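1. mind folding the following:
(chains A and B)
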Amino acid sequence: MESVERTRESILAGARASLPVSVAYSGIGFAAGLVGAEAGMSTAEVGLLSLLVFAGSSQFAFADLYGGAVVTTVSAIFLINLRMLLYATALTSRLRPHSLGARFWMGAQLTDASFALASTLIGSRLERASWFIALQGATYLSWIAGNLAGAGLGTWAGEVDGFGLEFALGALFAGLLVLQINGPRREKQRRVGVAVAAALFLVALTEARPDPLNLIYVSVAAATLGLAAERLEARRRREGGGSAA
Amino acid sequence: MSVRPEVLGLILACAAVTLVPRILPLLLARRFSLPPWFETWLGYVPVAVIGALLVDQVLLTGPADGFLLDPQRLVAGVVALGVAVFTRSLGYSVIAGVVVFALAGQLW
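-> Down below sits the predicted model:
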């Protein structure tokens, strides 16, 4: 059991770690709220949507599609969110010790950025449920606040200058990518290779055929390359060791 | 300020399909254990995903679907990467990326 003191400490640390994401989400949320309002949704509807569908790209798609057939909208949203199945599976072994309720919350509020953050800062931090829940909670609240502001004020706010914050997520992913390159030298090289492969695959595939599932395809392919390289090296080392002996 | 019943229904359906892929593996976490090779494979997923998300933010943000070389994003992305390599700090890379993006916006 966590003591109250330590829980408070990890909640604060989680909220602090969420900062770049929270700032970016309130900005993107503002844009999403604005798009929703322009598509004819009321502020209450936008608020409810952001409360229940905490998934940025889904919400833009919703505003785009909601006048059309229900099946089209729901299946489009499902496909957009399918990558979360991969994210949640990748976090499973780390989050297994936490209670069912905590795991439910952690999963429910999973996003690209919180997955990227959590899987990078994984060390001791993720052992505390309160750290991750606070991190995600802060991003969730910023998202809802941004949406409400966008839907409520957006129409007369007009063109908004983002002060560079549109790039907060891009910069965050750049930082996280660098932190992901760790381990012994060969491991680092493999990890760089995996990231570069995923990046190149995504550009090529998006050029050929834009699809919400592209991110899953390229991540699966690049991770498989990483595993194959690791296996191959292990085998070569075994054989090399065998012949030397 | 009202919620139309048909919109509410649609939102609830979308909430369900948004939630299920996120929570399913975590709810079942104690029911299954993964084979070691799969755990190793999953270990490469975050770095692959982050690599893909980075190019998505830097190169794939054009108004139309597809690839776009936007010097403002490119420069800010390279600076953020460089700062991260030298400082190993997320905070500094985010600040550097955002500031360079804003400054580059004045140029282009």
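2. so where's the chain shaky on pLDDT?
-> Answering for chain A, as no chain was given. Low-confidence segments of chain A, defined by pLDDT under 70, are located at A:1-2, A:122-127, A:154-162, A:241-245.
3. chain B was what I was after
-> For chain B, the ranges with pLDDT under 70 are B:1, B:62-67.
4. which part of chain B gets nearest to chain A, residue-wise?
-> With C-beta to the nearest C-beta as the measure, residue B:97 is the residue of chain B nearest to chain A, at 2.4 Å. For every residue, glycine as well, the C-beta is placed using N, CA and C.
5. what about that residue, how many neighbours?
-> 33 (other C-beta atoms under 10 Å in any protein chain shown).
6. does the closest residue to it other than its chain neighbours lie in a helix or a strand, and which?
-> Excluding the flanking residues, the one nearest residue B:97 by C-beta to C-beta, 6 or more residues apart in numbering or on different chains is residue A:171, at 2.4 Å. Using DSSP states H and E, residue A:171 falls within helix A:168-180.
7. likewise for residue A:97?
-> Using DSSP H and E, no helix or strand contains residue A:97.
8. distance check, it against chain B.
-> As judged by C-beta to the nearest C-beta, to the nearest Å, residue A:97 and chain B stand 9 Å apart.
9. can you check residue A:240 too?
-> Applying C-beta to the nearest C-beta to residue A:240 and chain B gives a distance of 21 Å.
10. one more: residue A:137?
-> Taken as C-beta to the nearest C-beta, the span from residue A:137 to chain B is 15 Å.
11. contacting residues around that residue?
-> Listed by C-beta atoms under 8 Å, 6 or more residues apart in numbering or on different chains, the contact set of residue A:137 reads A:15, A:109.
12. which ones are touching the residue in chain A positioned nearest to chain B?
-> Relative to chain B, the nearest point of chain A is residue A:171 (2.4 Å; C-beta to the nearest C-beta). By C-beta under 8 Å, 6+ apart, the contact list for residue A:171 reads A:20, B:76, B:77, B:80, B:93, B:94, B:95, B:96, B:97, B:98, B:101.
13. check which helix or strand covers the residue nearest to residue B:21 when sequence neighbours are not counted.
-> Leaving aside its chain neighbours, residue B:21 sits nearest to residue A:85 (3.9 Å; criterion: C-beta to C-beta, 6+ apart). Here residue A:85 sits within helix A:83-95, counting by DSSP H and E.
14. check residue B:25 too.
-> Here residue B:25 is assigned to helix B:5-27, by DSSP H and E.
15. that helix: which residues count as buried?
-> Buried residues in helix B:5-27, counting neighbours by 16 or more other C-beta atoms under 10 Å in any protein chain shown, are found at B:7, B:10-11, B:13-15, B:17-23, B:25-26.
16. could you do stretch A:174-185 as well?
-> A:174, A:175, A:176, A:177, A:178, A:179, A:180, A:181.
17. these also near chain B: which ones?
-> Counting by C-beta under 8 Å from any C-beta of the partner chain, A:174, A:175, A:176, A:177, A:178, A:179, A:180, A:181 from the buried residues of stretch A:174-185 sit close to chain B.
18. so what touches the host helix or strand of residue B:100?
-> For residue B:100, the host element (DSSP H and E) is helix B:90-107. By C-beta under 8 Å, 6+ apart, the residues outside helix B:90-107 that reach it are A:19-20, A:163-168, A:170-172, A:174-176, A:178-179, B:71-73, B:75-77, B:79-81, B:83-84, B:87.
19. any of those residues buried? List them.
-> A:19-20, A:164-168, A:170-172, A:174-176, A:178-179, B:72-73, B:75-77, B:79-81, B:83-84.
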